[in-house]
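Peer 1: A structural model of the following input is requested.
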Amino acid sequence: MLPRSLTLSTQTSSLPSAFGFEEWRKHKLHKGWAGLILCMMWEEAQGNQGKWITYLASLPTQFDTPIFWSDEELQELQGTAVVDKIGRDEAERDYHEKLTPAIKTRPDLFPSDQIDTWYTLHQYHITGSRILSRSFNVERWESGIEQDAEHVTEEDSNENTQANTSIGSAMDVDDSADSGEAVDEESSDRDSDDEEIEDTSDIAMVPMADILNARYDSVNAKLFYEKHHLQMVTTKPIKAGEQIFNTYGDLPNSDLLRRYGHVDLVPCPHLKGSLGNPQDVVEIRADLVVNVVCGDLSTDETYRRRIDWWLDEGGDDVFIIDADPVLPAALTSFIRLLLLTQEEWEKTREKGRFPKAKFDHQVSPLLRRIFEMRLTSYQSPDLEVDAKLLASESLTLNKRHAIVVRLGEKQILASALETLRFMDAALSDVGGNGSKGKRRVASGGTTGGGKSKKARH
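Peer 2: Model (predicted):
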């Protein structure tokens, strides 16, 4: 059990108050991660006078996450869902545009002789990684260090009405455990874009609770919040000597590596018992689909209008392929939108409904080409090459992790191609039975189903 006052956040740190709430907002430290990072850096710089010095001294100083990899190591991740989401450029922009100017205005809080020790760019990345890998999303509460009401705008108030929602932090916190029954809900990390988070006032470092490891499908404890304290509660019997696991949410290896610097390998049904991550996914960008379907005409105004309409109507620009043998209906629907004649397109737009996800001889070769083109984005599309590399004992940890991630994604694509072969065979059987097209082979799910999303930038 931990009193809320011992959690470390922008609400419990005295820095925002000492800095001045108005100036804090002026430097935009109330939005994004820079403010929370600066609070942790400042608290650590207080040394033995700091409230959290013992806790902060226990946190890791090295990480295996890709934000610390060399350019050569990052090349091993080419084609994976990791590369475009590392966020190094965005983080460094915040450091130079928010944090550094703020520090320079208050030498009384940030003495010049401490800058090169506690407020460097490297320390900024380390602190950000600590938050990303260990923080919890904790419901806002009335503390003794609450911001003055006059400095909390209506916009800020509205943004913070929802609690207990994972927004890129490591672990979720559930509501009161008074009932004795834990709320068994998965983390929504996969669908959240931690790079785009505006308000981090509910994100907190929770001493002791963050020492628990996580592993796929192994969670046996969850953190619950009460009015004045937090407590970690077991959710199932744990034998003496067994490890206690909290959860990051069951994430694909691409997200586990990017955020936490590790990967999960467990027996997978879709790999016939071989090791992998059952949650692995491949992201298919809409621009790849457009290039395959439209070719040299991909920039033609006719297609641009259809694409804009798709997005305006809530269609997604990234499609998710996972271990499920059913292909996402949204991907097929988007392809059909691009294939419509002008007359069909005008009727579709008038109805305001996406085309049905009908799978036929026109869609099949395009899907195959899309998956094959996606495979070519990796260093090598050959699965056997990576499988042999993994058998080597001389691999560095980073390279091994990169191979695990890209091999998992390529296995998903190989399975998708195999699914297409079965669907083609079913399509041929339908045609061979003289059905005259009355039976349809359709992609699974609804057109607006869950296997698609907005791209993360």
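
Peer 1: which parts of the stretch 101-250 of the chain are strands?
Peer 2: 136-137, 173-174, 203-204, 221-225, 229-234 (DSSP state E, counting those that start in this stretch).

Peer 1: what comes up buried for stretch 413-424?
Peer 2: If you call a residue buried by 16 or more other CB atoms under 10 Å, then stretch 413-424 has these buried ones: 413, 415-416, 419-420, 423-424. (C-beta placed from N, C-alpha, C; glycine too.)

Peer 1: also stretch 325-338?
Peer 2: Buried residues in stretch 325-338, counted by 16+ other CB under 10 Å: 327-338.

Peer 1: now stretch 117-137, how far from the centre of its chain.
Peer 2: In terms of CA atoms, centre = their mean, to the nearest Å, the centre of stretch 117-137 is found 18 Å from the chain centre.

Peer 1: mean pLDDT lowest for which of the strands of the stretch 101-250 of the chain?
Peer 2: Lowest mean pLDDT within these: strand 173-174, a mean of 54.

Peer 1: hang on, the earlier thing: of the buried residues of stretch 413-424, which belong to helices?
Peer 2: Counted as lying in helices by DSSP state H, out of those, are 413, 415-416, 419-420, 423-424.

Peer 1: now the stretch 101-250 of the chain, which segments are flagged as low pLDDT?
Peer 2: Scanning the stretch 101-250 of the chain with the threshold set as pLDDT under 70 gives 140-198.

Peer 1: ok, which stretches of it are helices?
Peer 2: For the stretch 101-250 of the chain, the helices defined by DSSP state H, counting those that start in this stretch occupy 112-118, 121-134, 154-159.

Peer 1: stretch 105-123: which residues count as buried?
Peer 2: Residues 110, 114, 118-119, 123 are the ones in stretch 105-123 that count as buried (16+ other CB under 10 Å).

Peer 1: actually, stretch 89-103.
Peer 2: Per 16+ other CB under 10 Å, stretch 89-103 contains these buried residues: 91, 94-95, 98-100, 102-103.

Peer 1: with respect to residue 270, which of these is nearest?
Peer 2: residue 91 (34.6 Å; CB to CB).

Peer 1: what sits against that closest one?
Peer 2: 33, 67, 124-125, 128 (CB atoms under 8 Å, 6 or more residues apart in numbering).

Peer 1: would you format the strands of the stretch 101-250 of the chain as JSON lines with mean neighbour count and distance to residue 249 included?
Peer 2: Shown next, in JSON lines, are these (neighbours: other CB atoms under 10 Å; distance: least, CB to CB, whole Å):
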{"stretch": "strand 136-137", "mean neighbour count": "22", "distance to residue 249": "11"}
{"stretch": "strand 173-174", "mean neighbour count": "20", "distance to residue 249": "13"}
{"stretch": "strand 203-204", "mean neighbour count": "26", "distance to residue 249": "15"}
{"stretch": "strand 221-225", "mean neighbour count": "21", "distance to residue 249": "12"}
{"stretch": "strand 229-234", "mean neighbour count": "16", "distance to residue 249": "17"}
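
Peer 1: what number of residues are in the vicinity of the residue lying closest to residue 125 once chain neighbours are set aside?
Peer 2: Leaving aside its chain neighbours, residue 125 sits nearest to residue 67 (6.1 Å; criterion: CB to CB, 6 or more residues apart in numbering). Neighbour count for residue 67, taken as other CB atoms under 10 Å: 19.

Peer 1: residue 67 contacts residue 88, correct?
Peer 2: Yes: between residue 67 and residue 88 there is a contact under CB atoms under 8 Å: 5.2 Å.

Peer 1: spit out the residues that contact these two alike.
Peer 2: Counting by CB under 8 Å, 6+ apart, the shared contacts of residue 67 and residue 88 are residue 125.

Peer 1: redo the helices of the stretch 101-250 of the chain as TSV? Include distance to residue 222.
Peer 2: What follows is the helices of the stretch 101-250 of the chain, written out as TSV (distance: least, CB to CB, whole Å):
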stretch	distance to residue 222
helix 112-118	34
helix 121-134	16
helix 154-159	25
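
Peer 1: identify whichever of those lies nearest to residue 203.
Peer 2: Going by CB to CB, the one of these nearest residue 203 is helix 121-134, 7.0 Å.

Peer 1: which elements pack onto the closest one?
Peer 2: On a contact count with 3 or more CB pairs under 8 Å, 6 or more residues apart in numbering; DSSP states H and E, helix 121-134 meets helix 34-45, helix 88-94, helix 253-260.

Peer 1: would you list these in JSON lines and tack on mean pLDDT and distance to residue 377?
Peer 2: Shown next, in JSON lines, are the helices and strands packed on helix 121-134 (pLDDT from 0 to 100; distance: least, CB to CB, whole Å):
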{"stretch": "helix 34-45", "mean pLDDT": "97", "distance to residue 377": "32"}
{"stretch": "helix 88-94", "mean pLDDT": "95", "distance to residue 377": "20"}
{"stretch": "helix 253-260", "mean pLDDT": "94", "distance to residue 377": "13"}
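
Peer 1: do you know which of those lies nearest residue 57?
Peer 2: Minimum separation from residue 57 across those (CB to CB) falls at helix 34-45, 8.2 Å.

Peer 1: can you spell out which helices and strands pack onto that closest one?
Peer 2: helix 15-19, helix 53-57, helix 112-118, helix 121-134.

Peer 1: among those helices, which is nearest residue 71?
Peer 2: The closest of these to residue 71 is helix 121-134. By CB to CB, the value is 15.7 Å.

Peer 1: what does the closest one contact?
Peer 2: 33, 36-37, 40-41, 44, 59-61, 63, 65, 67-68, 88, 91-92, 95, 99, 117, 168-170, 194, 203, 205, 210, 259-261.

Peer 1: buried ones in that helix?
Peer 2: Here helix 121-134 shows 123-134 as buried, counting by 16+ other CB under 10 Å.

Peer 1: now these in CSV, with distance to residue 283?
Peer 2: Formatted as CSV, those follow (distance: CB to CB, whole Å):
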residue, distance to residue 283
123, 32
124, 28
125, 25
126, 28
127, 29
128, 24
129, 23
130, 27
131, 25
132, 20
133, 22
134, 26
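
Peer 1: tell me, how many residues neighbour residue 349?
Peer 2: Residue 349: 15 neighbours (other CB under 10 Å).

Peer 1: ok, and the closest non-adjacent residue to it?
Peer 2: Spatial nearest neighbour of residue 349, excluding adjacent residues (CB to CB, 6+ apart): residue 309 at 6.0 Å.

Peer 1: tell me what the strand or helix carrying the one you found is packed against?
Peer 2: Element membership for residue 309 (DSSP states H and E) is helix 301-312. For helix 301-312, the elements it packs on are helix 286-294, helix 329-339, helix 342-351, judged by 3+ CB pairs under 8 Å, 6+ apart.

Peer 1: send me stretch 229-242 as CSV with only the CA atoms.
Peer 2: Extracted C-alpha coordinates of stretch 229-242, given in CSV (Å, rounded to 0.1, in the frame of the first residue of the first chain):
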residue,chain,number,x,y,z
HIS,A,229,-3.6,5.4,-1.4
LEU,A,230,-2.7,2.9,-4.1
GLN,A,231,-2.3,-0.9,-3.5
MET,A,232,-1.1,-3.8,-5.6
VAL,A,233,-3.5,-6.7,-5.3
THR,A,234,-3.0,-10.2,-6.5
THR,A,235,-5.7,-11.4,-8.9
LYS,A,236,-5.1,-15.1,-8.6
PRO,A,237,-3.4,-17.5,-6.2
ILE,A,238,0.4,-17.3,-6.3
LYS,A,239,2.6,-20.1,-4.9
ALA,A,240,5.6,-19.4,-2.7
GLY,A,241,8.6,-18.8,-5.0
GLU,A,242,6.5,-17.9,-8.0
